[in-house]
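# Let's see this in three dimensions:
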Amino acid sequence: MKYKLLYIYSSASMPLYFQKGQNLFLKEQGFDISLISNDDNFLNEVKDRDGISIFPFKINRRISFFSDIILLINLICVIIKIKPDIVHAGSPKSAIFGMLAAFICRVKVRFYACHGSKTDQCQGFTRKVYRLIEKFTAFLSTKVWCVSPSLLEFIVSERIVSKDKVFTLGQGSANGFKREWLQCNVHDIPDIIKTIKIKKSENYFPLILFSGRICCVKGIEILTKAWLKLRERFPDARLMLIGSIDEVDPPPNINLLRDDDRVILPGLINQGESGRCYEIADLLVLPSFYGEGFGNVLGEAGLFALPTVASNIIGLQDAVIDGVTGTLVPPGDADSLYEAISNYLDNPELAKTHGLAARERYETYFKPELIWNGLCAEYKNLFSKT
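Next comes the predicted model:
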């Protein structure tokens, strides 16, 4: 039997990075897939890689009455045109409008993919508004998929969705992890990464790695404070931050990192190149305050046997087993972050033990096929019930 599946995402970077291999698997299982997303380079990459139909739309992240009405009308028009059996929408803006358009068009299966909760990120009146929006989105859907157990526990405890309407797959993540996805051809490695690898092989030094948006939410200000103490205690240590500096939420002390000759800022690199960074690093840090559905970079680092230091928040609690595969620290606590990183640099055997445990866990429990088979079964089961 053929199933028509329509994805709706604000940015095609989500299906590009978090659905690698997934769409090809679903196509083999009888799914005809289309994608609605912002018209950017990511959209054409997904089209070329997965061979799916695309519909480029303008989806603003911010609320705008007129553009949002146009978005809703356009979504309804596409749904009427292709008549999908399943609408799968993720990220706050595309999720609520995707579920609303699918509800209006009476789509049988309306699948809300929850990659994180804005309710968890806000306080006061704003928190109440986002909670109402997420609750309404969940109401419009026929099923809610959370990418981590702790995220599921949170939205159920906040009464955003009932327990019988929400699920997670395995121990979490949106697509599982595979080491080969992170290993590009040796000729494609950026020169700065090649240089660091050569220098480290000639004269070893500890390399602390961060990967993600360089912004306040990711805890860069806290990491900078910890680094100022670390660089004094470990004179040979280096800090590498992979990612672009967020123009909307730039860290106030970013110039301290820019001016530090022991801090490496290679900028944004593609997923295939990131594996080369994991190969030469000694540990990964992710001191986020909130906004992590799972913490995919922690899983990627685990495949390369890297221990991780991360904030004890929703999502990251599932990516790291504290004291086994890494260390969880209180969010916003620079002293705890400093102590956790120092512990690994002072104890290479402990770092090795936790890194190997991380690799075993991710290779065993986070195989992509587990997610693919689970999603496929859930789609077909929901369709058969409607």
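
# In contact with the residue nearest the centre of the chain, which residues are there?
Nearest to the geometric centre of the chain sits residue 296, at 4.9 Å (CA atoms, centre = their mean). Listed by CB atoms under 8 Å, 6 or more residues apart in numbering, the contact set of residue 296 reads 17-18, 173-174, 177, 319. For glycine as for every other residue, the C-beta is placed from the backbone atoms N, C-alpha and C.

# Same list, those residues, but as a markdown table with distance to residue 194 please.
Formatted as a markdown table, the contacts of residue 296 follow (distance: CB to CB, whole Å):
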| residue | distance to residue 194 |
| --- | --- |
| 17 | 24 |
| 18 | 28 |
| 173 | 30 |
| 174 | 31 |
| 177 | 25 |
| 319 | 29 |
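
# so which of the residues you listed is the most crowded?
In terms of neighbours by other CB atoms under 10 Å, the contacts of residue 296 top out with residue 319 at 31 neighbours.

# Can you check what pLDDT the model gives it?
Note on residue 319: pLDDT of 97.

# sorry, back to before: for the contacts of residue 296, name the two members farthest from one another.
The most widely separated members of the contacts of residue 296, counting by CB to CB, are 17 and 319 (15.8 Å).

# Could I get the buried residue list for stretch 234-245?
Residues of stretch 234-245 classed as buried: 234, 237-243, 245 (neighbour count, 16 or more other CB atoms under 10 Å).

# And for stretch 36-51?
Those would be 36-38, 42-43, 46, 50, for stretch 36-51 by 16+ other CB under 10 Å.

# how far is that stretch from where the chain is centred?
18 Å (CA atoms, centre = their mean, to the nearest Å).

# With stretch 44-58 instead?
On CA atoms, centre = their mean, the centre of stretch 44-58 falls 20 Å from that of its chain.

# who touches residue 72 in this structure?
Residues near residue 72 by CB under 8 Å, 6+ apart: 97, 100-101.

# can I see the domain layout of this structure?
The chain resolves into domains spanning 3-176+367-385, 179-365 when parsed by automatic domain parsing.

# Relative to the helix or strand where residue 241 lies, what are the paired strands and their orientations?
Assigned by DSSP states H and E, residue 241 belongs to strand 238-242. Strand 238-242 has the following sheet partners, assigned by DSSP bridges: strand 207-211 (parallel), strand 263-267 (parallel).

# Toward the C-terminus from it, list the very next helix or strand.
helix 254-258.

# Next, the angle strand 238-242 makes with the lowest-mean-pLDDT helix or strand in the chain.
Least confident helix or strand of the chain, by mean pLDDT, DSSP states H and E, is helix 191-202 with a mean of 80. Using axes from the mean of the first three to the mean of the last three CA atoms, to 10 degrees, the direction of helix 191-202 lies 150 degrees away from that of strand 238-242.
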